[in-house]
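Enquirer: Sequence first, predicted coordinates after that:
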Amino acid sequence: MTNLIEFDRQHIWHPYTSMVDPLPAYHVTSADGVELTLADGRKLIDGMASWWCVIHGYNRAELNAAITEQLEKTAHVMFGGLTHEPAVGLAERLINMSPQGLEHVFLSDSGSIAVEVAIKMAIQYWGAKGRPEKSRLLTVEGAYHGDTFGAMSVCDPVNGMHERFTGVLPQHVFAPRPEARPGEPLTDQDRGVRTLFEQHHNELAAVIVEPLVQGAGGMWFYSVDYLRLLHGLCKEFDILLILDEIATGFGRTGELFACLHANVEPDIMCLGKAMTGGYLTQAATLTNAKVAKGLSEDGGVLMHGPTFMANPLACAVACASIDLLLAGDWQAQVRAIEAQLTTELEAYRDHPAVKDVRAFGAIGVIQAKEPVPVADLQRIFVDSGVWIRPFSDLIYLMPPYVTTPAQLAQLTNAMGKALESL
């Protein structure tokens with residue numbers, strides 16, 4: 001048999017990795033609970049929840065059963081002109097658990113596409129209202145919303161991952177990254193976002209932000225008052241509010257959705273990642289009746305339709321994952337993780353390589369003063385029996401909610417070992 005690792009290295013692209021000098025890839029043969037098993041038998045505690053989606057851990061009997069049961073009925077059927085119980089069940093669950101007023105659901109197959117659909121909804125809404133000039137978006141520096149072109153256009157244009165595409169992306173309006181951190185008062189710069197609303201409201205279709213947690217754009221946590229400020233300005237200037245809850249949804253911050261910390265109801269909300277518990281790709285864009293019905297006032301229809309939209313397997317396991325979440329004590333789990341992360345990461349604050357440490361919900365971050373050597377640190381982590389994937393200047397954790405205190409301590413201890421190598 002072809003050497004798997006060597007074939008992978010020679011022929012397969014991994015996320016944000018060069019084909020000239022790719023980062024090492026470790027061969028996983030199985031996963032159970034919060035552990036990944038490598039081909040050489042080593043077990044790694046997963047501090048990433050497989051990019052933030054495996055909230056219940058791996059190989060959950062309830063989720064396995066949901067997929068198996070659905071597989072015996074149908075694996076896929078087109079959603080154009082047809083419907084099925086898993087899709088209706090998922091939409092009903094999402095409506096019932098989401099902020100009030102979000103009554104209409106568009107199911108898609110990835111977080112980036114959920115954002116694309118949200119942008120289309122906003123632009124089509126204003127076009128149907130006879131305001132086609134309202135076609136730009138306002139967001140904040142440090143944003144990350146996905147890797148497709150519409151999503152890239154509202155990611156940080158300078159320090160983000162898509163600066164190479166700047167010349168071909170639509171040009172939107174960017175406010176400075178919110179300065180006020182959780183519990184802090186708004187700064188003059190934060191309140192200055194009002195000026196951008198005053199200058200651009202006639203051309204703005206929507207504001208799009210990640211509520212309270214900027215994820216891949218820097219793991220930055222900001223004040224609920226800033227989100228409330230944006231919400232109020234959108235109401236005042238008649239601009240739609242899109243909240244990207246793809247990373248924060250389904251309990252990651254200690255509320256089912258981060259916007260609930262601020263009691264803010266968006267016009268459009270994007271969901272993904274943890275929706276299926278990490279089993280299959282699935283996403284959703286929810287909106288209120290104002291947008292859903294308004295965008296068709298000119299006789300138009302929402303111009304999007306993925307082939308695998310509302311895939312029955314994905315919908316079935318998403319229903320089971322949501323039921324598992326709501327039936328469990330997820331809030332206590334997240335609170336316990338937050339408390340432990342806060343305590344254990346604080347011990348590294350005065351390390352000479354550290355710029356900042358912070359925790360919010362089941363998210364813990366060590367920010368270094370300089371970008372870290374990812375390959376070197378990953379070797380340290382694997383040797384320490386954990387899986388942590390740093391990026392840029394960030395060493396962070398977003399573990400499954402079922403991670404035990406002992407497992408979490410092993411993760412934070414490994415972060416300390418990595419710091420000693422810097």
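Expert: It's in.

Enquirer: Spell out the secondary structure type for Gly41.
Expert: Under DSSP: H, G, I helix; E, B strand; the rest coil, Gly41 falls in the coil class.

Enquirer: where does it land on pLDDT?
Expert: Looking at Gly41, its pLDDT reads 97.

Enquirer: so how far is Val28 from it?
Expert: 12 Å (CB to CB, to the nearest Å). C-betas here are computed from N, CA, C, even on glycine.

Enquirer: So if I had to pick from these two, which one is more boxed in?
Expert: Of the pair Gly41 and Val28, Val28 is the one with more neighbours under other CB atoms under 10 Å, namely 13 against 7.

Enquirer: wait, isn't the more buried one in contact with Leu36?
Expert: Yes - between Val28 and Leu36 there is a contact at 5.1 Å, judged by CB atoms under 8 Å.

Enquirer: For the stretch 201-350 of the chain, just list every one of the strands.
Expert: For the stretch 201-350 of the chain, strands defined by DSSP state E, counting those that start in this stretch occupy the ranges 204-209, 213-214, 220-221, 240-244, 268-271, 283-288.

Enquirer: Turn the ones you listed into CSV, including distance to Gly89 and mean pLDDT.
Expert: Compiled in CSV, these are given as follows (distance: least, CB to CB, whole Å; pLDDT from 0 to 100):
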stretch, distance to Gly89, mean pLDDT
strand 204-209, 28, 98
strand 213-214, 29, 98
strand 220-221, 34, 98
strand 240-244, 24, 98
strand 268-271, 15, 98
strand 283-288, 13, 98
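
Enquirer: Is it possible to get CSV of those that adds distance to Val140?
Expert: Below are the strands of the stretch 201-350 of the chain laid out as CSV (distance: least, CB to CB, whole Å):
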stretch, distance to Val140
strand 204-209, 6
strand 213-214, 8
strand 220-221, 10
strand 240-244, 11
strand 268-271, 16
strand 283-288, 20
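
Enquirer: out of those strands, nearest to Arg181?
Expert: strand 220-221 (6.0 Å; CB to CB).

Enquirer: ok, the residue sitting nearest the centre point of the chain - contacts?
Expert: Of all residues in the chain, the one closest to the mean position by CA atoms, centre = their mean is Ala247, 2.0 Å from it. For Ala247, the contacting residues are 52, 210, 213, 215-216, 273, by CB atoms under 8 Å, 6 or more residues apart in numbering.

Enquirer: cool, and Arg42?
Expert: 382, 385.

Enquirer: which stretches of this protein have low pLDDT?
Expert: Within the chain, the stretches falling below the threshold (pLDDT under 70) are 1-2, 161.

Enquirer: how many neighbours does Met303 have?
Expert: So Met303, with other CB under 10 Å, has 11 neighbours.

Enquirer: That one contacts Lys120, doesn't it?
Expert: Yes - using CB under 8 Å, Met303 is in contact with Lys120, at 6.3 Å.

Enquirer: Correct me if wrong: Phe237 contacts Glu203.
Expert: No - when contacts are counted by CB under 8 Å, Phe237 is not listed as touching Glu203 (11.1 Å).

Enquirer: Quickly find the element holding the residue lying closest to Ser30 once chain neighbours are set aside.
Expert: Distances taken as CB to CB, 6 or more residues apart in numbering place Thr37 nearest to Ser30, at 4.6 Å, with adjacent residues excluded. Using DSSP states H and E, Thr37 maps to strand 35-38.

Enquirer: Pull out the CA atoms of that strand and give them to me as CSV.
Expert: The C-alpha coordinates for strand 35-38 follow below in CSV (Å, rounded to 0.1, in the frame of the first residue of the first chain):
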residue,chain,number,x,y,z
GLU,A,35,-9.5,11.4,22.1
LEU,A,36,-8.0,11.0,18.7
THR,A,37,-6.1,7.8,18.1
LEU,A,38,-3.1,8.0,15.8
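
Enquirer: which other helices and strands contact it?
Expert: Counting contacts by 3 or more CB pairs under 8 Å, 6 or more residues apart in numbering; DSSP states H and E, strand 35-38 is packed against strand 28-32, strand 43-46.

Enquirer: now those in a markdown table, with distance to Trp387?
Expert: Output for these, formatted as a markdown table (distance: least, CB to CB, whole Å):
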| stretch | distance to Trp387 |
| --- | --- |
| strand 28-32 | 9 |
| strand 43-46 | 4 |
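
Enquirer: Select, out of those, the one closest to Val88.
Expert: Nearest of the helices and strands packed on strand 35-38 (CB to CB): strand 28-32, 30.7 Å.

Enquirer: surely Cys234 meets Val207?
Expert: Yes - between Cys234 and Val207 there is a contact under CB under 8 Å: 5.6 Å.
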